[in-house]
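In: Dropping the sequence and predicted coords here.
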Amino acid sequence: MLFTKNYSTDLSAGKYYIYISLRRIAMDVSTEPRNLNGGREDVLEQSDYFMATAFLTAQQSRDPCTQVGAVIVNERNIIVGIGHNKMPNGCENFPWSKQKKSLKDKHLYVCHAEMNAISNKNMTDLKNCTIYVTLFPCNECAKIIIQSGIRTIVYMSDKNAYTNKTRASKMMFDAAGVTYSQFEPKNKRIIVFDYDEINRKEEEVTPTDSCTPAKKIRPS
Ligand SMILES: O=c1ccn([C@H]2C[C@H](O)[C@@H](COP(=O)(O)O)O2)c(=O)[nH]1
């Protein structure tokens, strides 16, 4: 069935819950709260949008254990880089297994989400940018983040906090003046959409003083 996937995580010790239901859309404007100018009140807050985008991006990862997404945002709150953990170009068929000391170990090959987001950047430099990441960056990513000019990290999960890699990352960020904070969602549930639902709402919606439904072109 098309787009009926539920995704949830409680990566940050059960503190937060991001839910991408792909079941509802924001087209039913008639019942939503409005502000004095008639604009919608219940809009997706910017930081929620960036972190949800990082989680959606992570869903592209083929890693069977840990899917990571990263979104880089500039000082004007425009996305300038995006990435997930994946094998390098041309190495798509390399193994995803975890076999320490073996050439079949994925860790030897996989490009981390942060590295991909930085190498996909569409600005010449990432000075003063913020990176939204679903998982706290490892020490190798920390080095690249620092060198790229990114100044702020917003992360969701710190599940590897006890490891030396994460401890080393934090030591480097502290020394380099890169700040990091755990994401605090404004909305505990981020609802995306369902294309079937979009079509259904288009059929149902009645015109109000401030919105007119898009005209549907029906096959003759
Ligand atoms: O900062 C990071 C740390 C890890 N990743 C990626 C690399 C791997 O694909 C997984 C980790 O796999 P485990 O099985 O949990 O060791 O996450 C990343 O993208 N960024």
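Out: That came through, no problem.
In: For this protein, which segments count as helices?
Out: Secondary structure of the chain (DSSP state H): helices at 46-58, 113-119, 139-148, 164-176, 195-204.
In: Against the ligand, how distant is the residue nearest the centre of the chain?
Out: For the chain, the residue sitting closest to the mean C-alpha position, by CA atoms, centre = their mean, is Ala54 at 0.9 Å. As judged by CB to the nearest ligand atom, to the nearest Å, Ala54 and the ligand stand 11 Å apart. In short, each C-beta sits where N, CA and C put it, glycine included.
In: Which pLDDT value goes with that residue?
Out: Listed pLDDT for Ala54 reads 98.
In: just Tyr7 next, same as before
Out: Tyr7 is given a pLDDT of 39.
In: same thing with Ser148?
Out: pLDDT, read off for Ser148, is 97.
In: isn't it right up against Asp125?
Out: Yes. Using CB atoms under 8 Å, Ser148 is in contact with Asp125, at 7.4 Å.
In: Among those two, which residue is more densely surrounded?
Out: Here Ser148 and Asp125 are set side by side on neighbour count (other CB atoms under 10 Å), and the busier one is Ser148, at 21 against 11.
In: What residue, apart from its backbone neighbours, is nearest that one spatially?
Out: Leaving aside its chain neighbours, Ser148 sits nearest to Leu126 (4.5 Å; criterion: CB to CB, 6 or more residues apart in numbering).
In: so that neighbour makes contact with Val80?
Out: Yes. Using CB under 8 Å, Leu126 is in contact with Val80, at 7.0 Å.
In: where do the contact lists of the two overlap?
Out: 72, 74 (CB atoms under 8 Å, 6 or more residues apart in numbering).
In: So, low pLDDT: which residues of this protein?
Out: 1-31, 205-220 (pLDDT under 70).
In: Close to the ligand: what parts of it are there?
Out: 63, 65-66, 68, 85, 98, 110, 112-114, 135, 137-138, 141 (CB under 6 Å from any ligand atom).
In: what's the distance between the residue nearest to Ser148 and Arg76?
Out: Distance of Leu126 to Arg76, given as CB to CB, to the nearest Å: 13 Å.
In: Please identify which of the two sits among more neighbours.
Out: Shown here are Leu126 and Arg76; by other CB under 10 Å, Leu126 has more neighbours (22 against 6).
In: Can you give me the neighbour number for the residue nearest to Ser169 when sequence neighbours are not counted?
Out: Distances taken as CB to CB, 6+ apart place Ala142 nearest to Ser169, at 3.8 Å, with adjacent residues excluded. Neighbour count for Ala142, taken as other CB under 10 Å: 24.
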